[in-house]
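1. Return atomic coordinates for the entry below.
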Amino acid sequence: VCNGASPLFPQIYGGGKILMKLIGIGDNVLDCYLWRKELYPGGNSVNVPVLAHRYDGSETGYIGVLADDAPGRHFAAALQEEQVDVSRVRIVQGQSACNYIALDEAGDRSFTGDNGRETVQWKTRLMFTPADYAAMEQYDLAHTSIHSLIDAYLPALSHKTQLSMDYSNDGYTHQNIAQL
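-> Numbers count the residues shown, from 1 in each chain. Reported below is the predicted structural model:
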């Protein structure tokens with residue numbers, strides 16, 4: 001436990017833990033484990049607020065696009081169950097993004113494909129409204145990822161709140177770091 005507030009992140013103290021308000025912005029995907037016939041919501045921009053809330057009860061939210069199909073409704077319900085504010089989520093008619101995961105001969109996970117360009121996440125690019133920007137200002141930190149496809153918005157977002165970016169293994173460049 002830190003005894004002093006960081007100049008970058010105002011803290012809320014409760015139960016001996018440091019809490020922050022964190023919002024995820026952008027990508028989401030369902031992982032479909034084929035051999036188990038199970039579907040798990042996730043994605044870089046969703047996992048961080050979910051895990052922050054689980055860890056210390058931080059107040060969290062998410063801004064993104066979900067489909068109105070059964071997997072999309074499952075995704076939204078899972079976020080609500082995790083106590084993530086979904087009031088800024090767009091629900092769009094269409095198909096949810098899904099990674100299909102199988103086990104290889106060694107028992108390791110392998111991604112066997114996805115439905116990328118046929119999904120609402122691809123067809124309906126996330127654009128921000130004044131209400132979205134106002135909501136972002138209520139958070140100490142916004143987390144997004146290279147997969148969110150919002151690079152053009154990063155400079156504006158950085159004026160609303162502190163940014164955290166997941167570049168994964170395939171997206172890091174000096175050019176996109178400079179955008180932050």
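2. Specify the local secondary structure of the most centrally placed residue in the chain.
-> Per Cα atoms, centre = their mean, the C-alpha nearest to the average position across the chain is that of S45, at 1.7 Å. Taking DSSP: H, G, I helix; E, B strand; the rest coil as the rule, one finds S45 in the helix state.
3. And for F75?
-> Counting by three-state DSSP, the backbone at F75 sits in helix.
4. so what's it scoring on pLDDT?
-> Note on F75: pLDDT of 96.
5. wait, doesn't it sit right on V65?
-> No. Counting by Cβ atoms under 8 Å, F75 does not reach V65; the two are 10.7 Å apart. Bear in mind the C-beta positions are built from the backbone N, C-alpha and C, glycine included.
6. which of those two has more neighbours?
-> The residue with more neighbours, out of F75 and V65, is F75; 27 against 24, by other Cβ atoms under 10 Å.
7. which ones are touching the more buried one?
-> 28, 30, 41, 66, 96 (Cβ atoms under 8 Å, 6 or more residues apart in numbering).
8. Make sure the second one is actually in contact with A97.
-> To tie it back to what came earlier, the one meant is L30. Yes. L30 lies in contact with A97 (Cβ under 8 Å); the separation is 6.8 Å.
9. distance of the residue of the chain positioned farthest from its centre from M136?
-> Within the chain, the residue lying farthest from the chain centre (Cα atoms, centre = their mean) is E105, at 31.5 Å. Separation of E105 from M136 (Cβ to Cβ, to the nearest Å) stands at 46 Å.
10. List just the nearest of the contacts of F75 to G113.
-> L30 (13.2 Å; Cβ to Cβ).
11. residue contacts, the closest residue to the closest one other than its chain neighbours?
-> Excluding the flanking residues, the one nearest L30 by Cβ to Cβ, 6 or more residues apart in numbering is C98, at 4.6 Å. Each residue near C98 by Cβ under 8 Å, 6+ apart is listed here: 29-32, 39, 71, 114-115, 119.
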